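Asks: fold the stuff below for me.
(chains A and B)
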Amino acid sequence: MKSAPTLSSAFLQPAGEFLPGPLLELRKQRGTALVDMPLPTRKTENWKYSSRHLKLSDELAASLPSSGKEGSSLALPGYRVIFRNGVMVPEASDFPDMNGIRIQRFCDLDDQEAAALAERLDNTLDSHAVQMARLNSARFEDGLLIQLDKEAVLDQPLFIVHEVTASSAGSAYPRIYVDAARHSQMTLVEEYISSGNEPVLVNTVTEFVLAEGAQVTDVRLTLEGENVQHIGATGVRQAATSRFESHCVGFGGPLRRHDLQVRLEGEGAECKLNGVVVTQGKQHYDNHTSIEHVAAHCDSEETYRNIAADESHAIFNGRIHIHQDAQKSNANMSNKNLLLSTGAEIDTKPELEIYADDVKCAHGATIGQLDKTSLFYLVSRGIGRREANTLLTMAFINELVEQVPVEAVRDAVQLRLNDFFNQAFQEI
Amino acid sequence: MATTDKEVSELVKREYEHGFVTDIESDTFEPGLNEEIIARLSGIKNEPEWMLEWRLKAYRRWLEMEEPDWAHVGYPKIDYNSISYYSAPKRPEDMPQSLDEVDPELLRTYEKLGIPLHEREKLAGVAVDAVFDSVSVATTFKEPLAKAGVIFCSISEAIQDYPELVKKYLGSVVPAGDNFFAGLNSAVFSDGTFVYVPKGVRCPMELSTYFRINAANTGQFERTLIIAEDSSYVSYLEGCTAPMRDENQLHAAVVELVALDDAQIKYSTVQNWYPGDENGKGGIFNFVTKRGAAIGKNSKISWTQVETGSAVTWKYPSCVLRGENSVGEFYSVALTNNYQQADTGTKMIHLGKNTSSTIISKGISAGKSSNAYRGLVKFGPGAEGARNFTQCDSLLIGDRCGAHTFPYIESKNKSAIVEHEATTSKVSDEQMFLCRQRGIDPEQAVSMIVNGFCKEVFKELPMEFAVEAGKLLEVSLEGSVG
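Replies: Sure thing, here's the model as predicted:
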């Protein structure tokens, strides 16, 4: 049997020596563990549909330089932190100056803080399932540590813009760690953008730890270009009565992969995961989510919608795992898909794994196309075909777009969607 | 659902007593698998050269394959060289001579299932009066079948008598390299059933393995091939509701169905093999590959299964819908109790235009068992206007069991529509209260609720079977309430 390809050693030479000692040490450790790591193949269950799109050529191993010109981004109404190629740009950032809220870049941590962080990094992610996240741990050059004290409330959303400047081939490894103490609240917006045209890999990890009663909303917007392979992982651990909301809106690329893992570890915790994916051309988007109901009386609600046009490929894999002691769990998952063209492909796998009996779990998945009668209804009332198609397609995801709690993001999404509709329904 | 009924607690402790007898007879092969063994096996069966070649080719493929480990089941590693791959059918004098020699527990189960007396003998492995057997079978079944032109025989006979048909279709649906267990089966299959329904013939009766002499001794590597020619219809019934005596722990069967234009095949299975004791010791491993190819236009393949036995089940009856307007159906009830593990489901592969499929799967887990539905619904680029509806429901009885759903849905055609839904629930306290308030004891109440849960599938079974299946669930669930 042919042996599986392994991760090139070129990827295990991290740059950025400005990190404090304990984090450098952690990086080294993680790097050692990745030596000869087999790369996912078609036989790797959670990379079944995407492995052939993952192209880790040696030229991508180089770290992108942390300087370069700033690209375009959202109009930012509130607090913002700009990361360029995985390293924070302090002069472009605007931190909130509030009691009880500490935002620090990894490079600025003292040894004691860094040691405490090194201890906790990666603890939210199941290493087995998201092996690629370990590459981030071996390579990150900077990062953002956000700590909310007890009952601290961030009054406006915090925007974190991750920009890659692809004037040369290489990779970037942005990293965020959020620690929300009891009853604290915040909304975070992660925006991923790119400039330049050289092939680039973005490998990003965001972690959230929510203490009792904490409320965190994470909005994630993936808008990078056609030259960017994006592999992201988000890990969440929730204590009792905490609430986590995630809104992921993604537009396709050569490879987009996001793993979202939530563990409900305290009674009464709840999470809501929304996702919208839009792909066209030859784009590829793969969302993997996992919700672990570890404690009793937790609720989870998950809604993902994919739209695939042209020859693109969209994948959803949602897993709900109810542990033996998680009685009275309530879990709902819905995944609906719109296939706009016969060259396109949609694969979905909503999984349930249930070990407790007193639970309410349901999932539903559909793949289909726009309803002909609805189209006819609109057209018969004088609405043009293209507009009717746009209206109905928009209606398919609007419910989720509207729920994004940040107006600036909704506007940005709408703009991108308009472009998409113009192209997708051009010939109608 | 707490109950202190003494009876119930006794039931909980009750064991499935009838054990397994392993008589090493002189004409059993020594354990081990190699090309020589296969040649000997083929020689004993007096098979033609091409068949031996086919087996050897399969064996060489199999050597390169790996045992699948993706299923949600766990079992000790099987040593394929410690298995004997041929055992001659038992001689009548070695079998129990009358029902008096049979384990009374087994008999009580037959009683509960309402199995007719003469069938009980056969099921319990009693040496059945040869006269009774051949006469009844020949007169009642063979004649009308022959008149209709239906071929219904063992696959070994078919290899001798109808080599052209076998050559053409054997391995055409499940090729030897399909998967590990199918490969093993292709190399060493012991016997099985062959059915051929000619053009335009509606098979005059439900075919069942039990109508065939010696069917019970087909061994652990069963091979079934059913071919339905244009515009024909056949309904085939496999297994039975009564617990089967069986000496082999590993079962790796392959079933292939071929439906040509306008043909219809209905395949029903009731499987109640020994599931192991209440501590999960022993029991059959059932690793089966079943697949139907709906090649013809307007053809239809329908799988119905009621699975209550086996310690480990690994089984995915599938349909490849190639013909235009072809239809695939899958109705399943899988019940697991104690330490049983089941990973079962279906694959619906839509290739032709306007193909449609329906999947109704009901999983019931009790005790400490684990029950998984794993399904694939796939639309190829040519599956214009194809349609699938999937519903898989799980019912949990007890808080130490598991119910899982792993549906894969893949679509490459924009005009194809698929809908999938799954729910998980338990027998609610309200339902139980309602029943008990009306004087129905808890055991019966649960069985009633479970029967209601499975109704959609039972109605697909041939009538006599549906009644038995209901009772079977009742028996299988005994001891799980309380």
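Asks: contact partners of the helix or strand where A:A138 lies?
Replies: Mapping A:A138 onto the secondary structure by DSSP states H and E places it in helix A:131-139. Outside helix A:131-139, the residues that touch it by CB atoms under 8 Å, 6 or more residues apart in numbering or on different chains are A:7, A:11-12, A:14, A:26-27, A:30-31, A:33-34, A:37, A:40, A:63, A:121-122, A:125, A:127, A:171, A:173, A:175, A:203-205, A:231, A:233, A:235, A:257, A:259. C-betas here are computed from N, CA, C, even on glycine.
Asks: and those, which are buried?
Replies: Buried members of the contacts of helix A:131-139, counted by 16 or more other CB atoms under 10 Å in any protein chain shown: A:7, A:11-12, A:14, A:26-27, A:30-31, A:34, A:37, A:40, A:63, A:121-122, A:125, A:171, A:173, A:175, A:203-205, A:231, A:233, A:235, A:257, A:259.
Asks: need the strands for the stretch 51-200 of chain A, in chain order.
Replies: Using DSSP state E, counting those that start in this stretch, the strands found in the stretch 51-200 of chain A span residues A:79-84, A:87-88, A:101-105, A:144-148, A:158-166, A:170-172, A:175-180, A:185-196, A:200-210.
Asks: which bits of the stretch 1-150 of chain B sit near chain A?
Replies: Remark: the part of the stretch 1-150 of chain B in contact with chain A comprises B:E64, B:W70, B:H72, using CB under 8 Å from any CB of the partner chain.
Asks: by neighbour count, which of those wins?
Replies: For the residues of the stretch 1-150 of chain B next to chain A, the largest number of neighbours (other CB atoms under 10 Å in any protein chain shown) sits with B:H72, at 17 neighbours.
Asks: ok so that one is a strand residue?
Replies: No. Counting by DSSP: H, G, I helix; E, B strand; the rest coil, B:H72 falls outside a strand, being coil.
Asks: now do the same contact list for it.
Replies: By CB under 8 Å, 6+ apart, the contact list for B:H72 reads A:E353, B:Q341, B:D343, B:S370, B:A372, B:R374, B:H404, B:F406.
Asks: could you dump those residues to JSON lines with pLDDT, secondary structure and neighbour count?
Replies: What follows is those, written out as JSON lines (pLDDT from 0 to 100; DSSP: H, G, I helix; E, B strand; the rest coil; neighbours: other CB atoms under 10 Å in any protein chain shown):
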{"residue": "A:E353", "pLDDT": "92", "secondary structure": "strand", "neighbour count": "21"}
{"residue": "B:Q341", "pLDDT": "92", "secondary structure": "strand", "neighbour count": "27"}
{"residue": "B:D343", "pLDDT": "93", "secondary structure": "strand", "neighbour count": "22"}
{"residue": "B:S370", "pLDDT": "92", "secondary structure": "strand", "neighbour count": "24"}
{"residue": "B:A372", "pLDDT": "93", "secondary structure": "strand", "neighbour count": "27"}
{"residue": "B:R374", "pLDDT": "94", "secondary structure": "strand", "neighbour count": "24"}
{"residue": "B:H404", "pLDDT": "92", "secondary structure": "strand", "neighbour count": "23"}
{"residue": "B:F406", "pLDDT": "93", "secondary structure": "strand", "neighbour count": "22"}
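Asks: would you mind listing what in the stretch 301-450 of chain B touches chain A?
Replies: Counting by CB under 8 Å from any CB, the residues of the stretch 301-450 of chain B close to chain A are B:379, B:381, B:394, B:396-426.
Asks: in strands only, show me these.
Replies: B:379, B:394, B:396-397, B:402-411, B:417-426 (DSSP state E).
Asks: give the burial count for A:H247, as a bare number.
Replies: With other CB under 10 Å as criterion, A:H247 counts 25.
Asks: where's it, which helix or strand?
Replies: strand A:243-251.
Asks: paired strands for that strand, with orientation please.
Replies: Neighbouring strands of strand A:243-251 in its sheet, by DSSP bridges, are strand A:215-222 (parallel), strand A:270-279 (parallel).
Asks: now the angle from that strand to strand A:200-210?
Replies: 170 degrees (axes from the mean of the first three to the mean of the last three CA atoms, to 10 degrees).
Asks: quick one: whichever helix or strand comes after strand A:243-251 to chain centroid distance?
Replies: Next along the chain after strand A:243-251, taking DSSP H and E as the criterion, comes strand A:255-264. Relative to the chain's own centre, strand A:255-264 is displaced by 6 Å; criterion: CA atoms, centre = their mean, to the nearest Å.
Asks: who are the packing partners of strand A:255-264?
Replies: Packing partners of strand A:255-264 (3 or more CB pairs under 8 Å, 6 or more residues apart in numbering or on different chains; DSSP states H and E): helix A:131-139, strand A:215-222, strand A:228-238, strand A:243-251, strand A:270-279, strand A:284-293.
Asks: quick check: which ranges of chain B have low pLDDT?
Replies: For chain B, the stretches flagged by pLDDT under 70 are B:1-27, B:87-141, B:209-219, B:240-248, B:464, B:479-482.
Asks: longest single helix anywhere in it?
Replies: In chain B, with assignment by DSSP state H, the single longest helix is helix B:442-458.
Asks: just checking, what packs against it?
Replies: With contacts defined as 3+ CB pairs under 8 Å, 6+ apart, helix B:442-458 has these neighbours: helix B:6-13, strand B:300-307, strand B:327-336, strand B:356-366, strand B:387-397, helix B:429-437, helix B:463-477.
Asks: what about A:N136, distance to B:L63?
Replies: In this view, A:N136 and B:L63 are 41 Å apart by CB to CB, to the nearest Å.
Asks: next: B:E468.
Replies: Applying CB to CB to B:E468 and B:L63 gives a distance of 42 Å.
Asks: for chain A, give me its nearest residue in the stretch 1-150 of chain B.
Replies: B:W70 (6.5 Å; CB to the nearest CB).
Asks: with adjacent residues omitted, what lies nearest to that residue?
Replies: Distances taken as CB to CB, 6 or more residues apart in numbering or on different chains put A:E45 closest to B:W70, at 6.5 Å, once the chain neighbours are dropped.
Asks: so that neighbour touches B:A71, yeah?
Replies: No. Applying CB atoms under 8 Å as the test, A:E45 and B:A71 come out as separate, 11.5 Å apart.
Asks: look at the two and report which has more neighbours.
Replies: Neighbour tally, A:E45 and B:A71, criterion other CB under 10 Å: the higher count belongs to B:A71, 20 against 12.
Asks: re earlier: so which of the helices and strands packed on helix B:442-458 is nearest A:N306?
Replies: Nearest to A:N306 among the helices and strands packed on helix B:442-458 is strand B:387-397; the distance by CB to CB comes to 17.5 Å.
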